[in-house]
Each structure stands twice: as C-alpha cells, then as structure tokens.
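Novice: need a structure here:
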Amino acid sequence: LVTGVQTCALPIFVEEDILGFTETIAKMGVAFDISAGDAADSMAKIAGVFGIPIAEISALGDSINAVSNSVAASAGDVIDFMKRVGGTSAALKISADNTSALGGAMVALGLTPEVAATAFNTLGITLAGFNNLTSTQARGFKRLGLDTVEFADLIQTDAVAAIHQLLGRSEERRVGKECM
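Specialist: This next block holds a predicted model:
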C-alpha cells in the first residue's frame, strides 16, 4: 500500500513530505471508499492542476468530504468530476473547493460525473472566450438581461459569481415562462 501510494505521488511531489502524503491518502481512501492508490493518483493530479502544495492535500480532502456529506454525490463522483474539469477551472481561476462544490451540485442534480464535466467544460470554453461570442450566444446573453461588458469583467474577477449569475438568470427566465 505505502509503496503504491508513494509511487503515484513521486512524479508530482518529488521534494515534499511523501510519508505525510501517504498517511493522509490512506485516510482518504477509507473515508471516500476508494483504494488508497486511486486516492493518491487522483489527489496528486488534482493538486497538480490547482497548484495545491502537498501540505494542503488534507484540506482538499476535507473539502471533497464536506461536499459528499452535504449533497447526493459520492466523494468518488466529485473526484471524477474534478479530474475532468481541473484545467478549465484553473483557467477560470476557480478554486479546488469551489470546483468540488460545483461538481457535487451537478452530480446531485442527477448528472453523471462525465456529463456534468462535459457541461461544465463547455460552459467554461464559452466563458473563457466570452469576448468572442457568436451572434447566437450574444443574443442568448441579451435575452437573459446580462450586460456582456459587465459580465465579461465579472468572469475575469470572479468566475464563480459569473456562473451563479448566469444560472440564476436562466432559472428566472425558465420559471417566468412556466408562469405565463
């Protein structure tokens, strides 16, 4: 067990405390109901994408655990989502904690981690290229009542708030149509 966990971690954390990482990962494996090797591989990959030092791996695990305890999503599903969207989240400057929360919420809505990640990555591509919207996309934002200049600024400063605003406006429009 120890050798396998350490082998997964070595490429990412050459100069870090491998024994501390190994102990933390063993605990995560039990808490998340996944193998220690899978936990090590996943946490090392997620930490690498988000630039999380090995000393903070435990906090990442706590965040994932809190999400899986709060919504109908397993820790394994949240981890799967995070591995699939890490690059997009990092590009949008969305923290690992917020990424785990978004993933947990999407999975809790009934999406598989794969479908949730595809949807998130598609949204992320749109947000990242917001200054180059197609005419159809621009009309969609206008119909939602979003000022594209203000929204573009919000994406740059707080992508999570931008996503919340977009989803909130989409929900308001959906509910408004249902009430008509």
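Novice: For the helix ranked longest in the chain, give the mean pLDDT please.
Specialist: In the chain, taking DSSP state H as the definition, the longest helix is helix 159-179. Mean pLDDT, helix 159-179: 80.
Novice: what's the answer for stretch 62-75, then?
Specialist: Mean predicted confidence for stretch 62-75 is 96.
Novice: hmm, which helix or strand of the protein has the shakiest average pLDDT?
Specialist: Lowest on mean pLDDT, DSSP states H and E among the helices and strands of the chain sits helix 2-9, with a mean of 49.
Novice: And the next helix or strand past it?
Specialist: Per DSSP states H and E, helix 2-9 leads on to helix 18-32 as the next helix or strand towards the C-terminus.
Novice: Now that following helix: buried residues?
Specialist: Applying a neighbour-count criterion of 16 or more other Cβ atoms under 10 Å, one finds Ile18, Phe21, Thr22, Thr24, Ile25, Ala26, Met28, Gly29, Ala31, Phe32 buried in helix 18-32. The C-beta positions use only the backbone N, C-alpha and C, and glycine is treated the same way.
Novice: Can I get those residues in CSV including pLDDT?
Specialist: Output for these, formatted as CSV (pLDDT from 0 to 100):
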residue, pLDDT
Ile18, 74
Phe21, 81
Thr22, 84
Thr24, 90
Ile25, 92
Ala26, 92
Met28, 95
Gly29, 93
Ala31, 93
Phe32, 95
